[in-house]
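Novice: Can you look at this prediction? I've put the sequence above it.
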Amino acid sequence: VAQQQEDTSYSIYKPIVPVSKQTLLANVDVIANMQMSFQNEFEDGTYIRSRFVMNQFRLEIKGKVHEKVYFRFRDRYTRTVVPQSIDNISRSTDLAYLRFDVDEHWKIYGGKLCADWGGYEFDANPIDIYEYSDIIEYADNFLVGAGVSYALNNKKHEFTLQLLNARTANFFELYDTIPGIQEARFPFAAVLNWRGSFFGGKFNTIWSYSIFREAEYEYMNYFALGNQYKGKKFQVEYDFKWSDEQLDRKGIVSSFTDNIGIKTARNVRYVSHWTRLDYHLSNKVNLFFVGMLDDAYWQEPQADSRTKLRQAWGYIPGVEVYPFKNLNLKVFGAFIGRKYNYTDYAKQTLGMTNHDNYRISIGIISPLVIL
Amino acid sequence: VAQQQEDTSYSIYKPIVPVSKQTLLANVDVIANMQMSFQNEFEDGTYIRSRFVMNQFRLEIKGKVHEKVYFRFRDRYTRTVVPQSIDNISRSTDLAYLRFDVDEHWKIYGGKLCADWGGYEFDANPIDIYEYSDIIEYADNFLVGAGVSYALNNKKHEFTLQLLNARTANFFELYDTIPGIQEARFPFAAVLNWRGSFFGGKFNTIWSYSIFREAEYEYMNYFALGNQYKGKKFQVEYDFKWSDEQLDRKGIVSSFTDNIGIKTARNVRYVSHWTRLDYHLSNKVNLFFVGMLDDAYWQEPQADSRTKLRQAWGYIPGVEVYPFKNLNLKVFGAFIGRKYNYTDYAKQTLGMTNHDNYRISIGIISPLVIL
Amino acid sequence: VAQQQEDTSYSIYKPIVPVSKQTLLANVDVIANMQMSFQNEFEDGTYIRSRFVMNQFRLEIKGKVHEKVYFRFRDRYTRTVVPQSIDNISRSTDLAYLRFDVDEHWKIYGGKLCADWGGYEFDANPIDIYEYSDIIEYADNFLVGAGVSYALNNKKHEFTLQLLNARTANFFELYDTIPGIQEARFPFAAVLNWRGSFFGGKFNTIWSYSIFREAEYEYMNYFALGNQYKGKKFQVEYDFKWSDEQLDRKGIVSSFTDNIGIKTARNVRYVSHWTRLDYHLSNKVNLFFVGMLDDAYWQEPQADSRTKLRQAWGYIPGVEVYPFKNLNLKVFGAFIGRKYNYTDYAKQTLGMTNHDNYRISIGIISPLVIL
């Protein structure tokens, strides 16, 4: 008799035949995504501190829950749980979506999705990233919405179109009031993505174009072009990213212009180059180098064009060792350096000064399958 | 040797024989309760905004963990995690309880329970509700306590008695100080529930009476009478709810009287009618209509009797489609309207004005079994 | 083709052979650690209130995820989720670590660990504790770091060395600014632990010594010596704890000296005696008594030596009943009393007054294996 908010209620299938538990257990994985390290931190050349850090801890449940339905959920334990004003779900929850596999070509997505930006940096599991480049670090990457994808016959090319909320928080939480700017009634992001594979998987691409409606008449255009060469011992990835923002969505330039009383900068552009080189010394040892260069531009009010404000460099040489044969766990040692160079214009007009920092980290990375 | 806060410690069964893992896996379900939608929102006839929303995401684990013990846990990812001052557990956690099946008649409950209010609206899985009526929307529905239930021989009737904390937060957090009112030493809720089944399950009831001790000498009486007719193609549910509150626990009337400086209204009554009609067009398609009417009454200080302040109407026509044969997942389209009509008395005395809103939603609902 | 932050990315094992799901399911447990009670509370002899409380609800996942790797994760639902400034992970997360079993002697630990303090009180599952003694109650017990342990051939003795962050929050969050004190660049805790077993397990020890670097030139020394006698019907545990703190890390004495304007007391000492007696009346019934005595000392500025400020007594007689043969669940009834006696010195200098409280609790305790 008793139900108390259980699920038999309104279904019209009298006894809903449950998806076989056996199959579920075989197809669904519970994963503890971890990156932990001991790190020694330096700022402008001075030793600041040492500490153990749990850089990443994201619990994940994913898998096929039905012949045609795939589920994925991922939640962070390194972020305060705060439901967001637009999409209602906690920011700590990265992913909570369903994928419907219509046929061998078409897939439909719905829920809190990973926005399908291009680029191999963003496509990697976050635990494999030692430090994100600027555009990704400051973007809302997990958004509620829907998508559809189409794979070509040979599965070598896949095209995805997503329609998402432009953000998780509302306009005023992000930008406060801006004179002359009116909140959009439907602040959306439309993302078009192409994943390609050439030469038997030796050369791959993840390219995307996105348009965001930040406010009435205020848009953001974003290109991200990821390219990968996968050799036997050697792998190269190169991402080019270009984000043109009528309102400064990332807030980096705004943090500079704040010095002269401009809380939200307008007509901003971020351009990013990112590369990762991997050299597999052996089955157990991988040498890598990550390099990044992020440029920030701003068009001063009344000015005709954008001026460069900053070059942010990143350089991460390191080694990764896989001690176990049949467990995806690596021990790493890495030098993670960042250098922020401001242009003369930014120094004089906005009072910025160059600075840099680096840290030396050793630690463990694993997308540990725990169930 | 090592234990470190593991569980072998004080048990007097030297090797506790664990409940067979096999059985656990068969009997316990992990469920992602989801309701997501794309909605277009209107207020007083004006289009306000569109957005994707994760209305509900509640992860649930439930099942028999022992021949005589059942466990249920449910936690929301759409609510801030804040331990409560009375019961110590986060408000985001709906359920965390054990049920002991003593024999075929008696069951004992303990933990954070779903208060056993009557009514089919409240008894439904929250993901099946597009909008709650006032009394449920503003009540504390998940409370720590204990209960006992007795089922008749034929299992057609079940009686439950619960003793619960009256709330999760303490008196001052809810009401602040009220002159002349003293906090109760044991603010409890006692709930008596009858679940009945007649004519081979064609007609069912969930009736309940509850009494709450809100403060010394201040009580709340609550009747909820749920009735269900289940035909082959047609289903009707009707709930009548009546809540008489010496201190305004729901806070709806207080939000009106706040205009004239009365922060916590006294001698308040809420009366609610709720109905849901379902017509199963086919195995795959269900048409439904939800209607609700919530009346709010208040007895002004020095007045002799309660006066009606507001009628809140709700009307939700919609369609639900089940695209999969063997998966409890539905796609819905619904018009969710609300209309708030104030009486002349409320308009003149409290300065209230009528308003209404509606939204047009399409989305997905599923109590997805993921493990 | 699609990956989207999944885990195949940088691994150099082309198809990572997953640890057999079958084995995982057999070896990994999901546990709901619960302690719930109905309690009647008294302060200084006066009945204050009654309530149902979920004292503990900690979800845990643990087990061998690989022949040589063990994983443990435990998270509380009775604490706000707040990532910490030093270790980045939420305080609600007790444990999130990996253990590598190098060989039969050596183990290596990494992640958010249970600091390996000695003593049987701390070593117990928190759900088995009705009230913690002062030192444990006010310490940061779960810290990110690394450890190594060595077991003797006969497995009867194990030695562990841990290096941990000294705390989860930074210096200023804990102590604010203290004149003359400089933050340490690496505030660490080093813990040395010995777990011994004698006379066929009849007599056992968990002894530890720890040193904490709280600030430049400011240390904390902590001894915890746990001893256990395990008879057939009778069990005795006795813990001696001694914590000498150049900066008052526990904050108990500081809460007294705050009265005379000293926010962070210096040169503080806590000395604690804790004992638990168990008498197994039968397989189903256990009688127990917990006694504790915590002394707090302080060396006034300019004084030569430490003076006792307070004796905090605890006494918990009770009974535990195991109603099920094959389920680790106990029903308890306990009287939990605390008495705080201040010395004349503390009364006169710091204005403290004696007080006491007790509560009468009945409830349920279970480390319930749910999957």
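Specialist: Yes, it's here.
Novice: what's the burial count for the nearest residue to residue A:342 once chain neighbours are set aside?
Specialist: Counting by Cβ to Cβ, 6 or more residues apart in numbering or on different chains, residue A:342 lies nearest to residue A:352, which is 4.1 Å off, once chain neighbours are set aside. Any C-beta I mention is one placed from the backbone N, CA and C, and that applies to glycine too. Neighbour count of residue A:352, defined by other Cβ atoms under 10 Å in any protein chain shown: 19.
Novice: Over to residue A:173?
Specialist: Neighbours of residue A:173 under the rule other Cβ under 10 Å: 12.
Novice: What's the end-to-end length of stretch A:166-178?
Specialist: 18 Å (Cα to Cα, to the nearest Å).
Novice: Can you pull the residues of the stretch 251-371 of chain A lying near chain C?
Specialist: For the stretch 251-371 of chain A, the residues in contact with chain C (Cβ under 8 Å from any Cβ of the partner chain) are A:278, A:280, A:283, A:286, A:288, A:320, A:322, A:324, A:326-330, A:364, A:366-371.
Novice: mind running it again at 10 Å?
Specialist: By the rule Cβ under 10 Å from any Cβ of the partner chain, the part of the stretch 251-371 of chain A lying against chain C is A:276, A:278, A:280-286, A:288, A:320, A:322-331, A:362-371.
Novice: Look at the residue nearest to residue A:342 and give its secondary structure.
Specialist: Secondary structure state of residue A:352, per DSSP: H, G, I helix; E, B strand; the rest coil, is coil.
Novice: how close does it sit to chain B?
Specialist: Noted for residue A:352: a distance of 36 Å to chain B, by Cβ to the nearest Cβ, to the nearest Å.
Novice: before we move on, what about residue A:244?
Specialist: Taking Cβ to the nearest Cβ, one finds residue A:244 at 24 Å from chain B.
Novice: mind exporting the strand or helix carrying that residue as CSV, just the C-alpha atoms?
Specialist: If you go by DSSP states H and E, residue A:244 is part of strand A:234-247. Below are the C-alpha coordinates for strand A:234-247, written out as CSV (Å, rounded to 0.1, in the frame of the first residue of the first chain):
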residue,chain,number,x,y,z
PHE,A,234,55.1,11.1,-29.4
GLN,A,235,51.9,13.0,-29.1
VAL,A,236,51.3,16.7,-29.8
GLU,A,237,48.2,18.7,-29.1
TYR,A,238,47.6,22.3,-30.1
ASP,A,239,44.5,24.4,-29.2
PHE,A,240,43.8,27.8,-30.6
LYS,A,241,41.1,29.8,-28.8
TRP,A,242,39.6,33.2,-29.6
SER,A,243,36.9,34.8,-27.6
ASP,A,244,35.4,38.1,-28.5
GLU,A,245,33.3,39.5,-25.7
GLN,A,246,31.1,42.6,-25.9
LEU,A,247,30.7,42.3,-22.2
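Novice: Which other helices and strands does that strand contact?
Specialist: If contacts are counted by 3 or more Cβ pairs under 10 Å, 6 or more residues apart in numbering or on different chains; DSSP states H and E, strand A:234-247 sits against helix A:120-123, helix A:134-137, helix A:171-175, strand A:203-215, strand A:218-230, strand A:266-280, strand A:285-298.
Novice: Quick check: what element follows it along the chain?
Specialist: helix A:252-257.
Novice: Same question for that next one: list its buried residues.
Specialist: A:252, A:253, A:254, A:256, A:257 (16 or more other Cβ atoms under 10 Å in any protein chain shown).
Novice: Which single one of these is nearest to residue B:240?
Specialist: Closest approach to residue B:240 among these (Cβ to Cβ): residue A:254, at 55.2 Å.
Novice: Let me know the pLDDT of the closest one.
Specialist: Here the pLDDT value assigned to residue A:254 is 96.
Novice: repeat for residue A:19
Specialist: 41.
Novice: do residue A:15 as well
Specialist: Listed pLDDT for residue A:15 reads 30.
Novice: Repeat that for residue A:47.
Specialist: 97.
Novice: re earlier: residue contacts, the residue nearest to residue A:342?
Specialist: A:255, A:256, A:259, A:309, A:310, A:340, A:341, A:342, A:343, A:345, A:346 (Cβ atoms under 10 Å, 6 or more residues apart in numbering or on different chains).
Novice: For residue B:68, state which of these is nearest.
Specialist: Using Cβ to Cβ, the contacts of residue A:352 come closest to residue B:68 at residue A:255, 60.5 Å.
Novice: what sits against the closest one?
Specialist: A:138, A:248, A:263, A:265, A:350, A:352.
Novice: Can you give me the neighbour number for residue A:29?
Specialist: Here the number of neighbours of residue A:29 (other Cβ under 10 Å) works out to 18.
Novice: residue in the stretch 151-300 of chain A nearest to chain B?
Specialist: Nearest residue of the stretch 151-300 of chain A to chain B, counting by Cβ to the nearest Cβ: residue A:186, 3.9 Å away.
Novice: now the nearest residue to that residue once chain neighbours are set aside, which residues is it bridged with?
Specialist: Nearest residue to residue A:186, sequence neighbours excluded (Cβ to Cβ, 6+ apart): residue B:50, at 3.9 Å. Using DSSP bridges, the beta-bridge partners of residue B:50 come out as residue B:40.
Novice: Equivalent analysis for the one 10 residues further on, please.
Specialist: Residues found in beta-bridge contact with residue B:60 (criterion: DSSP bridges) are residue B:31, residue B:74.
Novice: Count the residues that sit near it.
Specialist: 22.
Novice: who touches it in this structure?
Specialist: Counting by Cβ under 10 Å, 6+ apart, residue B:60 makes contact with A:5-7, B:29-33, B:72-75, B:94-95, B:125, B:367, B:369-370.
Novice: The contacts of residue A:352 in helices, which ones?
Specialist: A:255, A:256, A:345, A:346 (DSSP state H).
Novice: Residue C:62: which of those residues is nearest?
Specialist: Proximity of the ones in helices among the contacts of residue A:352 to residue C:62 (Cβ to Cβ) peaks at residue A:255, which lies at 42.8 Å.
Novice: and the nearest residue to residue A:127 once chain neighbours are set aside, what element?
Specialist: Nearest non-adjacent residue to residue A:127, counting by Cβ to Cβ, 6+ apart: residue A:35, 4.2 Å away. Element membership for residue A:35 (DSSP H and E) is strand A:28-43.
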